[in-house]
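**Q** here's a sequence, model it:
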Amino acid sequence: MYDNYEKILDELKQHSHFRDLKDFDSKDEKYIYFKGKKLLNLSSNNYLNFADNKEITAEFLDYAGNKYPFGSASARLLTGTLPVYKELEELLATLYNKDATLLFNSGYHANVGISSALNQKGDVIFSDKLNHASIIDGMRLSEGKFFRFPHNDMTALENLLIRERKNFNNAFIVTESVFSMDGDISDLKTLVELKKKYDCSLVVDEAHAFGVFGEKGLGVCEDLGIINDIDLLVGTFGKAVGSMGAFVTGSKVLIDFLINKSRPFIFSTALPPINIAFTKWIIENKIPQTQQKRTRMLDIARKMGSQSHIIPVIIGDNKATVDLCEILFHNGYFTLPIRPPTVPVGTSRIRLSLTCETEENELQILKEKINEMSLVKQAK
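**A** Coordinates of the predicted model:
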């Protein structure tokens with residue numbers, strides 16, 4: 001009955017493309033325990049080491065007591081909006097100096113919900129070619145048109161705007177700030193200029209920058225001083241914050257529109273109140289204490305050639321990438337192979353994610369093994 005599925009899976013295995021779920025022994029804020037080995041975890045989005053941190057968890061539970069339920073049992077538009085949800089939304093709106101904020105259950109829910117709702121018939125989205133799958137899926141579900149411009153190519157985008165902007169009503173330029181697979185940073189200042197010049201709205205996904213960049217940890221837009229020029233700013237809580245969920249902040253009319261038209265928001269059970277309370281507590285009490293550690297983490301990343309705490313090591317071939325991960329495993333590092341369709345064909349890589357507890361000297365053997373692999377690749 002399922003022969004066609006088995007055939008597809010067999011082909012994935014033959015091309016070192018098959019994925020499976022890892023059965024980890026345990027993990028803490030810095031290490032992961034797998035197959036009896038203690039490994040430096042370089043494949044997590046736990047950038048500030050708040051997730052899996054027993055001291056942080058104990059401190060929060062001492063603060064929270066029994067004030068917050070472990071389940072919401074309802075969508076937000078029914079009985080799923082308790083005071084703590086509005087408190088977090090208002091906190092974020094204040095931090096970003098925006099009219100309003102709306103919580104989503106994940107970054108994927110947020111991006112799918114935003115693009116699919118706002119891009120109505122007669123509208124258009126101009127999207128960076130390397131934007132996250134959630135943004136792409138949202139555009140595909142929308143009733144509007146969309147165009148994808150070459151990654152971070154502002155000349156190509158402007159040419160596209162000259163050609164196409166006049167043909168549509170509302171227009172949106174959508175980008176990530178820190179790109180999740182390449183670790184590079186969007187040319188946001190030029191995007192602000194283009195959005196003003198061609199009467200577009202600018203949507204920026206700060207998923208991998210929220211909690212890391214900026215004096216207050218608000219992201220690259222804070223770092224560049226352009227928050228007021230961003231129409232909708234998206235962030236997630238499942239990465240640097242060590243929690244779960246996401247948010248979008250912007251004008252009241254756009255937030256109200258999403259409340260009424262965004263299907264992932266309307267038809268999802270709200271996140272547990274205890275989770276929302278934890279997120280709010282982290283943002284208020286813990287992120288402000290991390291600036292020095294965040295700066296040090298980014299300094300280490302820049303020494304390794306990246307603009308951010310995400311460091312891509314592009315190998316190209318699927319099997320060679322899997323083999324490198326195995327070599328690193330035996331040398332005390334946990335890394336994962338990133339392969340198509342997550343990245344373009346021929347650009348398979350390992351994606352190193354630093355945390356604020358990563359020490360520069362801990363990466364020495366890793367750099368040696370990567371260099372060895374590169375020499376073997378060049379010899380071939």
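**Q** pretty sure Val204 is in a strand, no?
**A** Yes. Assessed by DSSP: H, G, I helix; E, B strand; the rest coil, Val204 belongs to a strand.
**Q** identify the bridge partners of it.
**A** Beta-bridge partners recorded for Val204 (DSSP bridges): Thr175, Leu233.
**Q** find the residue at the geometric middle of this protein.
**A** Ala207 (3.5 Å; CA atoms, centre = their mean).
**Q** could you report the neighbour count for the closest residue to that residue other than its chain neighbours?
**A** Take Ala207 and drop its neighbours on the chain: the residue closest to it by CB to CB, 6 or more residues apart in numbering is Thr236, 4.5 Å away. Quick note: C-beta positions are derived from backbone N, CA and C, even for glycine. Counted with other CB atoms under 10 Å, the neighbours of Thr236 add up to 26.
**Q** do I have it right that Thr236 meets Gly107?
**A** Yes. In this structure, Thr236 is within contact of Gly107 by CB atoms under 8 Å, at 4.0 Å.
**Q** what touches both of those two?
**A** Ala207, Ala246 (CB atoms under 8 Å, 6 or more residues apart in numbering).
**Q** and the chain, what are its domains?
**A** For the chain, automatic domain parsing gives the domain ranges 9-41+290-379, 61-287.
**Q** tell me which of those domains is the most buried.
**A** Highest mean neighbour count of the domains of the chain: domain 61-287, a mean of 19 (counted as mean count of other CB atoms under 10 Å).
**Q** return the distance of that one from the chain's centre.
**A** Counting by CA atoms, centre = their mean, to the nearest Å, domain 61-287 is centred 10 Å from the centre of its parent chain.
**Q** same question, stretch 22-40
**A** Worked out by CA atoms, centre = their mean, stretch 22-40 lies 23 Å from the chain centre.
**Q** could you say which helix or strand contains Leu328?
**A** helix 318-329 (DSSP states H and E).
**Q** what helices and strands are in contact with that helix?
**A** Contacts defined by 3 or more CB pairs under 8 Å, 6 or more residues apart in numbering; DSSP states H and E place helix 318-329 against strand 310-316, strand 337-338, strand 348-353, helix 364-379.
**Q** who's in contact with it?
**A** By CB under 8 Å, 6+ apart, helix 318-329 touches 15-17, 37, 39, 313, 315, 334-339, 348-350, 366, 369-370, 373, 377.
**Q** now the element after it, going C-ward?
**A** strand 333-334.
**Q** now do that following strand: distance to the chain's middle.
**A** 21 Å.
**Q** lowest-confidence stretch among the domains of the chain?
**A** Of all these, mean pLDDT reaches its minimum on domain 9-41+290-379 (a mean of 89).
**Q** that concludes my questions; thank you for your assistance.
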